[in-house]
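> From the sequence below, what's the structure:
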Amino acid sequence: MRTNLFSILRMGYLLLTREEVSELTGRIQRAAQARVLRGMGIEHRVRPDGTIAVSRAHVERLLGGINEAGVKIQSTEPNWGSLGATQTQR
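Model prediction:
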């Protein structure tokens, strides 16, 4: 069975699916998706067929709190106990 590069990239989850791009941008039309991605600072490429390629790792770094080394960034919070408040749930 032959697979093309696009299939390999999808199987490895390197790129967001079309549905994920639509969900991320809140848009269905490709031109509108590209505008929203640019506005969010998310790098993307428009393929010759007009579909948009977005790196999953890039989005995770920007929105998921993962740094360039692939390590999850710890969020810092005030010491709620010293303020007499309860800690927030994660």
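> show me where this protein has helices.
In the chain, the segments counted as helices under DSSP state H are 5-11, 18-25, 30-40, 56-63.
> Next, count neighbours for the closest residue to His58 other than its chain neighbours.
The shortest distance from His58 to any non-neighbouring residue, by C-beta to C-beta, 6 or more residues apart in numbering, is to Glu43 (5.6 Å). (Each C-beta comes from the backbone N, C-alpha and C, glycine too.) Residue crowding around Glu43 was assessed by other C-beta atoms under 10 Å; the count is 12.
> what are the phi and psi angles of Glu43?
Backbone torsions of Glu43, given as degrees, to the nearest 10, read phi -70, psi 140.
> who's in contact with it?
By C-beta atoms under 8 Å, 6 or more residues apart in numbering, the contact list for Glu43 reads 37, 54-55, 58.
> how about the helices of the chain in CSV, adding mean neighbour count?
Output for the helices of the chain, formatted as CSV (neighbours: other C-beta atoms under 10 Å):
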stretch, mean neighbour count
helix 5-11, 11
helix 18-25, 16
helix 30-40, 15
helix 56-63, 15
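> how about those in JSON lines, adding distance to Arg47 and mean pLDDT?
Shown next, in JSON lines, are the helices of the chain (distance: least, C-beta to C-beta, whole Å; pLDDT from 0 to 100):
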{"stretch": "helix 5-11", "distance to Arg47": "9", "mean pLDDT": "56"}
{"stretch": "helix 18-25", "distance to Arg47": "11", "mean pLDDT": "94"}
{"stretch": "helix 30-40", "distance to Arg47": "10", "mean pLDDT": "96"}
{"stretch": "helix 56-63", "distance to Arg47": "16", "mean pLDDT": "88"}
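> I'd like to know which of these lies nearest to Gly50.
helix 30-40 (5.4 Å; C-beta to C-beta).
> ok so, going back, what's the most distant pair in the contacts of Glu43?
That would be Leu37 and Ser55, which, of the contacts of Glu43, are the farthest apart (C-beta to C-beta) at 11.2 Å.
> Let me know the closest of the contacts of Glu43 to Tyr13.
Ser55 (10.5 Å).
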